[in-house]
Structure formats: structure tokens, C-alpha cells
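Chemist: Build me a model:
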Amino acid sequence: MSMATYIGLNFRVKLNEFYTDDEVEINYVFSEEENRNVVKEKHFTTPYIYELSEKSEPIWQMNEYQKIHSPHNYEKSKKTFLYLCHLLKELLPQGDYCEIYICWLGEEHEEHERELKIDLNNLQLETKDIYEKRFIRIEN
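Modeler: Numbers count the residues shown, from 1 in each chain. Presented below is the predicted three-dimensional model:
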């Protein structure tokens, strides 16, 4: 099974046709349209659903467990998340938001376990834990 990191936006984005060296891309990775539709209906308020392609450590490893047991992976996940925040800061209009939901492929219909709200203008990452089945709203 694969972990899918879904992102919902209030506008369409152009997908890359070719592989890039970008740390994070918005694209379709593992999911089928059916999976994305479940996330849209069950978890998101945004109309356009994509996936995040993370080239280094996935953002769902930026949590207290990894900080203690694998600080190296935690730092790499934090770097990936900071890159994502920079990308979203440029992409999202002021006052807009996106939604992220992380789960194992095929478990999109399950309830999310926690919610997390992040303000791109005041990150405070040291207090943020990202695990699977976490609903994240990122606001600009």
C-alpha cells in the first residue's frame, strides 16, 4: 500500500508533464479519480483535488515521534513542509486556503483523527505534528 497526501484547492493548477527536481509538486501520484472523489466528499470543502508528490521525506513524518526516534528524518520532513509552505505562499491568494489529508491509499473513506490549522504568515512549526489521517487546513 502507498500513503497518499491529498491537497484540495479552490482553483485549478497546471500539472507538470515531466519530472522536475522540485522538492514538492502538485500532481496525481497514486490515487485514482474515485479515491480523490471520496476525499472531496468526506473531508474537503475545496473543489479541486490533487496529490502532493514529495521527493524527500514525506510531510507526515514531521511529528513528535520522529523528532525523538529519528531526528534526521524529522528534519528532512520539516524541510519538505517548509518547501510546501513556500510554494503555497506563492500559489494561494491572500485570504484563501487549501486542505490536506494524508492516508493510506484505499482508506480515504475513514474518519480523520485530528485537525490542524496552519497560518502561512505565522508557521510555528515546532508545535505542529503531522501524522496520517490528519486533516490540515493551511491559510494564507
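
Chemist: Mean pLDDT per helix and strand in the chain: which one sits at the bottom?
Modeler: strand 24-27 (a mean of 88; mean pLDDT, DSSP states H and E).

Chemist: For the residue nearest the centre of the chain, which non-adjacent residue is spatially closest?
Modeler: Nearest residue to the geometric centre of the chain (C-alpha atoms, centre = their mean): residue 100, 4.4 Å. Spatial nearest neighbour of residue 100, chain neighbours left out: residue 136 (4.2 Å); criterion: C-beta to C-beta, 6 or more residues apart in numbering. C-beta here means a position set from N, CA and C on the backbone, and glycine is covered the same way.

Chemist: Who does that neighbour form a beta bridge with?
Modeler: When bridges are called by DSSP bridges, residue 136 pairs up with residue 100, residue 116.

Chemist: Give the buried residues for the biggest helix by length in the chain.
Modeler: Identified as the longest helix of the chain according to DSSP state H is helix 71-91. Neighbour counts over helix 71-91 (16 or more other C-beta atoms under 10 Å) mark 73-74, 76-78, 80-85, 87-88 as buried.

Chemist: Now residue 57: which helix or strand?
Modeler: Assessed by DSSP states H and E, residue 57 sits outside every helix and strand.

Chemist: Now do the contacts for it.
Modeler: By C-beta atoms under 8 Å, 6 or more residues apart in numbering, the contact list for residue 57 reads 73, 76, 77, 79, 80.

Chemist: got it, and residue 46?
Modeler: Neighbouring residues of residue 46 by C-beta under 8 Å, 6+ apart: 8, 9, 10, 40, 97, 98, 99.

Chemist: So residue 16 sits against residue 29, correct?
Modeler: No. Applying C-beta atoms under 8 Å, one finds residue 16 not in contact with residue 29, separated by 11.8 Å.

Chemist: Residue 98 versus residue 110, what's the distance?
Modeler: 21 Å (C-beta to C-beta, to the nearest Å).

Chemist: So for these two, which residue has more residues nearby?
Modeler: residue 98 (25 against 14; other C-beta atoms under 10 Å).
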